[in-house]
Each structure stands twice: as structure tokens, then as C-alpha cells.
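1. the following block contains a protein sequence and its predicted model.
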Amino acid sequence: DYVESIEQPLRLVIKGTHRAAVVRGAALRALAMTHFICGADESGTNSVLNLCEEVCAPQYRGEDVSPCLRAIALDCWALLSSTVADAYLAGDEMEEDLGRGLVILPLLSTCLNSSNMDLRCAAGECVA
């Protein structure tokens with residue numbers, strides 16, 4: 001399977017905080033696009049959504065994350081979120097669990113207040 005063959009090497013690049021943000025961002029985009037186009041299982045998509053949320057935080061693995069990489073992570077999260085059910089994003093009113101989209105709202109709020117225009121734009125597009 002193509003997804004399985006490239007997933008681990010791309011994840012290593014993304015998680016490598018010593019690599020340039022542009023390289024990590026390109027790897028994250030490639031991974032998200034691969035899951036968007038070729039991904040067949042929901043667990044793989046959820047795993048990449050989790051990674052996007054982690055990378056989009058102000059700090060990842062004890063180091064500051066560049067606004068450029070954070071914006072790319074939000075773009076990838078928005079793309080992949082379009083492949084999951086609306087109820088999964090919004091949450092089910094019958095359950096106590098919040099939807100995935102509701103959990104990311106505080107992060108989006110922080111990004112919307114960033115001084116970096118790319119990060120603000122990515123957060124605004126994600127909210128829309």
C-alpha cells in the first residue's frame with residue numbers, strides 16, 4: 001500500500017525538530033495529501049489530524065514551532081477534516097465528548113491573534 005510505504009519516513013521528517021520548517025511543512029503536506037487521496041481507513045486520517053494538531057501548537061517537543069509550519073499544519077488539518085463526518089467534528093449532542101472541531105477552537109483563537117499573517121489566514125480558513 002502506497003500510504004504505508006511513505007508514512008513512516010514522512011513522519012520522521014515532520015517530527016524532526018532539527019529540520020528546517022519548510023522541509024517539515026512539505027513533508028506534512030505530502031502526508032496529508034496522501035491520506036486525502038489514497039487513505040482508506042479512518043484511523044490513519046485521525047492519526048494525521050492528531051499530528052497536525054500537535055505541530056500547530058506554539059511548542060512541539062519542547063521547541064518553538066515556526067508560524068509557517070503552524071499555518072501548514074492548519075491547512076492540512078482543514079483538508080483532512082473535510083473527509084470525516086460532520087458529527088465527528090461537531091460532536092454528538094447525546095454524548096459528553098466534544099467534537100474534534102470544538103477541541104481545536106482554543107488553538108484557532110490563539111492563531112487568529114498571532115502577529116504572523118500566514119498563520120492568521122490559515123486559522124481563519126480553518127474556522128470558515
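-> That came through fine.

2. alpha carbons only for contacts and neighbour counts from here, please
-> OK.

3. in the helix ranked longest in the chain, which residues are buried?
-> Taking DSSP state H as the criterion, the chain has its longest helix at helix 21-38. Neighbour-count burial for helix 21-38 flags 21, 24-32, 34-36 (criterion: 16 or more other C-alpha atoms under 10 Å).

4. just stretch 51-69 next, same as before
-> Those would be 51-58, 65-69, for stretch 51-69 by 16+ other C-alpha under 10 Å.

5. just these: which are in helices?
-> Leu51, Cys52, Glu53, Glu54, Val55, Cys56, Pro67, Cys68, Leu69.

6. could I get those as TSV with pLDDT and distance to Tyr88?
-> TSV is the format used below for those (pLDDT from 0 to 100; distance: C-alpha to C-alpha, whole Å):
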residue	pLDDT	distance to Tyr88
Leu51	94	17
Cys52	93	17
Glu53	91	16
Glu54	92	19
Val55	92	21
Cys56	90	20
Pro67	93	27
Cys68	93	28
Leu69	95	25
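
7. quickly check the buried residues of helix 21-38 for the two that are furthest apart.
-> Across the buried residues of helix 21-38, the longest distance by C-alpha to C-alpha is 22.0 Å; it joins Ala21 and Phe36.

8. OK, contacts around the closest residue to Lys15 other than its chain neighbours?
-> The shortest distance from Lys15 to any non-neighbouring residue, by C-alpha to C-alpha, 6 or more residues apart in numbering, is to Arg24 (7.7 Å). Going by C-alpha atoms under 8 Å, 6 or more residues apart in numbering, Arg24 touches Val13, Ile14, Lys15, Gly16, Leu69.
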